[in-house]
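In: Output the structure for:
(chains A and B)
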Amino acid sequence: MAGSTLASASASPAAERRHIGPWQEAWRRFRKHRLAVISGVVLLALILAVVIGPLVWAVPIDEIDFTARLQGPSWEHPLGTDDLGQDLLARILYGGRISLAVGFAAMAVAIFVGVLVGAVAGMAGGKVDVALMWLTDLFLSLPQLPLLLLIIYLFRDTLTGLVGLELGVFILIVAVIGGFRWMPVARLVRAQFLSLREKEFVEAARALGASRGRLVLRHILPNALGPVIVAASIDVAAAILAESTLSFLGLGFPPDVPTWGRLLFDAKDNLDFAPHWALFPGMAIFLTVLSINYIGDGLRDALDPRRIISA
Amino acid sequence: MTEDDLRGLIARVKDGRLSRRGFVKRMAAVGLTAPMATQILAIAGAAPAAAQSVPEYKPTRRGGGGQLKILYWQAATLLNPHFAAGTTNQDASRVFYEPLAGWATDGTLVPILAAEIPSVENGGLASDGRSVTWKLKRGVKWHDGQDFSADDVVFNWEYSKNPAVATVTSGSYRDVNVVKVDDYTVRVEFPQPTPFWADAFVGGTGQIVPKHQFKDYAGANSRDAPANLRPVGTSAYKFVSFAPGDNLRAELNPNYHMNNRPYFDTLEVKGGGDAVSAARAVLQTGDYDYAWNMQVEDEILKRLEAAGRGKINIVDGGSIEFVQLNATDPNQEVDGERASIRTQHPAFRDPAVRQAMALLIDRNALEQFIYGRGGPATANFLNNPPRFRSPNMRWEFSIQKANELLDAAGWARGRDGIRAKDGVRLKFVYQTSVNAPRQRTQAIYKQAAQRAGIDLELKSVTASVFFSSDVANPDTYTKFYADMQMYTTTMPQADPERFMNQYVSWEISSKANNWQGRNIVRWRSEEYDRIFREAQGELDPVKRAAMFIRLNDLVVGSNHIIPLVKRPTVSASLNNLRPVLSAWDLTMWYLNDWTREA
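Out: This next block holds a predicted model:
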């Protein structure tokens, strides 16, 4: 295979040639993944919309207007209204903030715990490794939904008493979703660590006297990040969907907080005569999840130096 | 109008000095509806000769109506009324078995196997309220040709109250004594004066099974009786076949004890599916004549009705969707118990706050935009039968009045717009079950409350948790660990005694009774307790009705209870079908009179 031709071509001996770091290289490779780039733009647009949107489209999210029930898109209500005449655009923008925040925060939790457990297991080996992998297997075998219900039932009141209802539910959902999605990440990271720590460049660093911490942070972890980022992108999507599930069961945010999942839940009974109501929040979830997945796809290609990127 | 005036008027009608129409007019002048006025006359013994509680039966001969197809989206599994948990089994049993009398939708009794309805006038009711004597119809035969007699009636009492048989109807028979007077007369005796005497042998739990079929199975072997699946009854339709959980077939009974009935030659009751597809099968495709319990949003029903084949039948009963304002403090623990009766709600103890809350819910919008025909707005908790409906309660939606009330009571708006007084903020947790119309109602209430400086924190609990009787779960409606909650309560009988005991002090739901008490809002009133006790022993129907009206006014007037909309039962039928329905009895309670018009 001519896998190394590109790399060697760019690594010409001319000393004044601009040095290309690994992140720049990754970005260069990412740009070649057209779908990933488009997805990045879409996701960025969505994020900007939910962050800035409510400032621009300043219609209240809970303004009930019975004269405008179940209206399709119009100039007054660009995405139509629900059965109480509430403006859907405002609700979707507001709900997106929560849905996206939940998604990214839960992802961060899952990645943090996963990387930590995986790295410790991969580096320590021996009994620690075995114990941690048992723990991982244990978590993998737990039935998620019943446990989720149990945790929410046990801690919701305490937590909402401490930090208020919406923040409490937010913390709980993020912790629960994050706490149940770190296991694949931990396994991935551990596998990466096991193979990387025997690699020559790690041996070389060790021979130069690098401390264990430096080995992990400077040499092994950056090389293990590829699959982690991919897993992270999938987790964001899963967290958004999990929040929808909880809202659907009435265990998520209060019913008047229009998260995307809640909007879908409310719309489902009216699907045949007010399809716009379900269509737009559904589209928002769909676009977010799809674009994040494509971005993950592009990142995996970009971060894997062995992979050939044509085109 | 005082009770004395009312009595005077009734006496004049009885003497013929005042026409019935004149009576109704006078009652209307003081705000009583015409049906209520005629009800008062009827229970006071001044009823017209033929009270029309069921529509006139037109066919002049038996049979000739072809097939009647009924759809139940929950299927029956057995055909013994004494084991029938749930209305589907009760209804399926009622196809074959009959009670002594049934409840018409106006809340009056209609004789079925009884020759007449017992009353003080005909000597059926003891004047001390301790017994009722039923005269049975003569010449009634079971489907297998045997005669129906008082022995069968007495047998049903013995059978039902026997713990070894383990019936679900035992509650109606356990505490009474039944005596055979002669072959066609039985007497039901009560341990104490009982104004509501029509429970045993009446309605859904009163269906009578034949002694000769069940006498060998009246013990621990009761579940093995072949007749549990192959019923032999007295009704208009005879058994043909039954597939549990699927369908039930029956045919015309040529020896039925009512003339010219039934109209249909064969009958099929098909089970299974879901409410929306059942609605489609009647309203859209016309495959079935009748479908039971249409728990479908009114918008959808309206669009299906537009096909022009069928219609929706709405039968007004006693069920009501209402809001409770907790009388106790859900956030304070006393001896490990929240919402303890020893506490008072910090905000709702002020009548002005409760009154403001009652002014802030737009019932008109609820009826018009959310519940449709399935939820007419009401100001009363006790709505039916009509003679118990209070004319005194009014509802109003006015944010402005609520604001004025709260201003006057000293609840001043804080910087965040939420009113407070003496450190108590008007911020309430408002819980209900997960159900689309209920979440809409929450949203409407919240918005109006916000404009009056009250913040409602909405909470929705999944229905299987909210309505469970799980003692360990804090989210059940009986625990009521919230400031406000909303649900529908049902009224099982045409008599309000069981319904109105929801506000007596000895029914208060607490840790001591494992939250099984019926007074969930934990409201207490000595006056209410006293009138309720009096009503329990009051044999005079007019006085008793007045007492229940007073009870309704007391609890609604306190504003701890905010009635929203009535929840009638909704069913679908083809345009040409003439079903006879009742809110107080089973769907099949008068199946013998169902007909079809050309």
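
In: Quick check: phi and psi at the closest residue to A:Leu100 other than its chain neighbours.
Out: Closest residue to A:Leu100 apart from its sequence neighbours, by Cβ to Cβ, 6 or more residues apart in numbering or on different chains: A:Val50 at 6.1 Å. For every residue, glycine as well, the C-beta is placed using N, CA and C. Dihedral pair for A:Val50: phi -80, psi -20, per degrees, to the nearest 10.

In: residue closest to the middle of chain B?
Out: B:Met491 (3.2 Å; Cα atoms, centre = their mean).

In: So that one sits against B:Gly318, correct?
Out: Yes - assessed by Cβ atoms under 8 Å, B:Met491 is found in contact with B:Gly318 at 2.7 Å.

In: Tell me, how many residues neighbour whatever residue of chain B ends up closest to chain A?
Out: At 3.9 Å from chain A, B:Val434 is the closest residue in chain B, using Cβ to the nearest Cβ. Residues near B:Val434, counting by other Cβ atoms under 10 Å in any protein chain shown, number 20.

In: same deal with A:Lys268?
Out: 12.

In: and the nearest residue to it once chain neighbours are set aside, what is it in contact with?
Out: Nearest residue to A:Lys268 in three dimensions, chain neighbours excluded: A:Ala278, at 6.5 Å (Cβ to Cβ, 6+ apart). Applying Cβ atoms under 8 Å, 6 or more residues apart in numbering or on different chains, we find A:Ala278 in contact with A:263-264, A:267-268, A:270-271.

In: for the strand or helix carrying A:Ala278, the distance to its chain's centre please.
Out: Applying DSSP states H and E as the criterion places A:Ala278 in helix A:275-303. Averaging C-alpha positions (Cα atoms, centre = their mean, to the nearest Å) puts helix A:275-303 11 Å from its chain's average.

In: Check stretch A:118-127 too.
Out: So, by Cα atoms, centre = their mean, the centroid of stretch A:118-127 is 26 Å from its chain's centroid.

In: again, but for stretch B:176-183
Out: 29 Å.

In: in it, what's buried?
Out: Within stretch B:176-183, the residues scored as buried using 16 or more other Cβ atoms under 10 Å in any protein chain shown are B:176, B:178.

In: need the contact list for residue 224.
Out: Since you didn't name a chain, this refers to chain A. Contacts of A:Ala224 by Cβ under 8 Å, 6+ apart are A:188-189, A:192-193, A:196.

In: meant chain B actually
Out: B:Tyr217.

In: contacts for stretch B:280-288?
Out: B:69-71, B:270, B:273, B:278, B:289-291, B:301, B:304-305, B:307, B:309-312, B:572-574.

In: re earlier: I'd like to know which of the contacts of A:Ala224 is nearest to chain B.
Out: Nearest to chain B among those: A:Leu188, at 35.2 Å, using Cβ to the nearest Cβ.

In: where does that closest one land in three-state SS?
Out: Here A:Leu188 is helix, with the state taken from DSSP: H, G, I helix; E, B strand; the rest coil.

In: Next, work out how far apart the closest residue in space to it that isn't next to it in sequence and A:Gly296 are.
Out: The shortest distance from A:Leu188 to any non-neighbouring residue, by Cβ to Cβ, 6+ apart, is to A:Pro227 (4.7 Å). Distance of A:Pro227 to A:Gly296, computed by Cβ to Cβ, to the nearest Å: 10 Å.

In: can I assume A:Val102 sits in a strand?
Out: No - assessed by three-state DSSP, A:Val102 does not belong to a strand; its assignment is helix.

In: Identify the residue nearest it in space, chain neighbours excluded?
Out: A:Val102 sits nearest to A:Glu243 (Cβ to Cβ, 6+ apart), 4.7 Å away.

In: hang on, isn't the one you found packed against A:Arg262?
Out: No - at 9.0 Å, A:Glu243 does not count as touching A:Arg262 under the criterion of Cβ under 8 Å.

In: intersection of neighbour lists for the two?
Out: A:Gly252.

In: Can you list the low-confidence ranges for the chain?
Out: No chain specified, so I'll use chain A. Where chain A drops to pLDDT under 70, the residues are A:1-17, A:248-250, A:305, A:307-311.

In: could you do chain B instead?
Out: Using pLDDT under 70, chain B drops low at B:1-3, B:14-16, B:19-21, B:24-25, B:27-52, B:469.

In: from the chain's centre, how far out does stretch A:67-79 sit?
Out: 32 Å.

In: now do the same end-to-end measure for it.
Out: Across stretch A:67-79, the terminal residues are separated by 16 Å (Cα to Cα, to the nearest Å).

In: That stretch near chain B anywhere?
Out: Yes - against chain B, stretch A:67-79 shows contacts by Cβ under 8 Å from any Cβ of the partner chain at A:Arg69.

In: I would like the residues contacting that stretch, please.
Out: Residues outside stretch A:67-79 that contact it (Cβ under 8 Å, 6+ apart): A:80-85, A:87-89, A:92, A:270, A:273-274, A:276-277, A:280, B:369.

In: coming back round to it: now go through the contacts of A:Ala278 and say which are in helices.
Out: Under the assignment DSSP state H, the contacts of A:Ala278 contribute A:263-264, A:267 to helices.

In: Let's see if you can find the most crowded of those residues.
Out: In the ones in helices among the contacts of A:Ala278, the most neighbours by other Cβ under 10 Å go to A:Leu263, 26 neighbours.

In: Would you enumerate the residues in contact with it?
Out: When contacts are counted by Cβ under 8 Å, 6+ apart, A:Leu263 touches A:82, A:88, A:91-92, A:95, A:277-278, A:281.

In: Repeat that for B:Pro376.
Out: B:367, B:565-566, B:568.

In: can you check B:Ala200 too?
Out: Taking Cβ under 8 Å, 6+ apart, one finds B:157, B:172-173, B:176, B:178, B:188, B:206 in contact with B:Ala200.

In: Now for those residues, which sits with the most neighbours around it?
Out: B:Gly206 (27 neighbours).

In: for the closest residue to it other than its chain neighbours, phi and psi?
Out: Leaving out its chain neighbours, the residue that sits closest to B:Gly206 by Cβ to Cβ, 6+ apart is B:Pro99, at 3.4 Å. Main-chain dihedrals, B:Pro99, degrees, to the nearest 10: phi -90, psi 180.

In: Near B:Pro99, how many residues? Count them for me, please.
Out: Neighbours of B:Pro99 using other Cβ under 10 Å come to 26.

In: And for B:Leu586, the neighbour number?
Out: Neighbours of B:Leu586 (other Cβ under 10 Å): 26.

In: That one contacts B:Ala92, doesn't it?
Out: No - with contact defined as Cβ under 8 Å, B:Leu586 and B:Ala92 do not form a contacting pair (9.6 Å).

In: Does A:Val289 touch A:Ala237 like I think?
Out: Yes - with contact defined as Cβ under 8 Å, A:Val289 counts as touching A:Ala237 (3.9 Å).

In: and the helix or strand where B:Leu9 lies, what does it pack onto?
Out: Counting by DSSP H and E, the element that carries B:Leu9 is helix B:3-15. If you count contacts as 3 or more Cβ pairs under 8 Å, 6 or more residues apart in numbering or on different chains; DSSP states H and E, helix B:3-15 packs onto helix B:20-29, helix B:34-43, helix B:541-557.

In: Quick check: buried residues in it?
Out: Buried residues in helix B:3-15, counted by 16+ other Cβ under 10 Å: B:6, B:9-10, B:12-13.

In: any chance of those in CSV, with distance to B:Thr595 too?
Out: Shown next, in CSV, are those (distance: Cβ to Cβ, whole Å):
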residue, distance to B:Thr595
B:Leu6, 39
B:Leu9, 38
B:Ile10, 36
B:Arg12, 40
B:Val13, 34
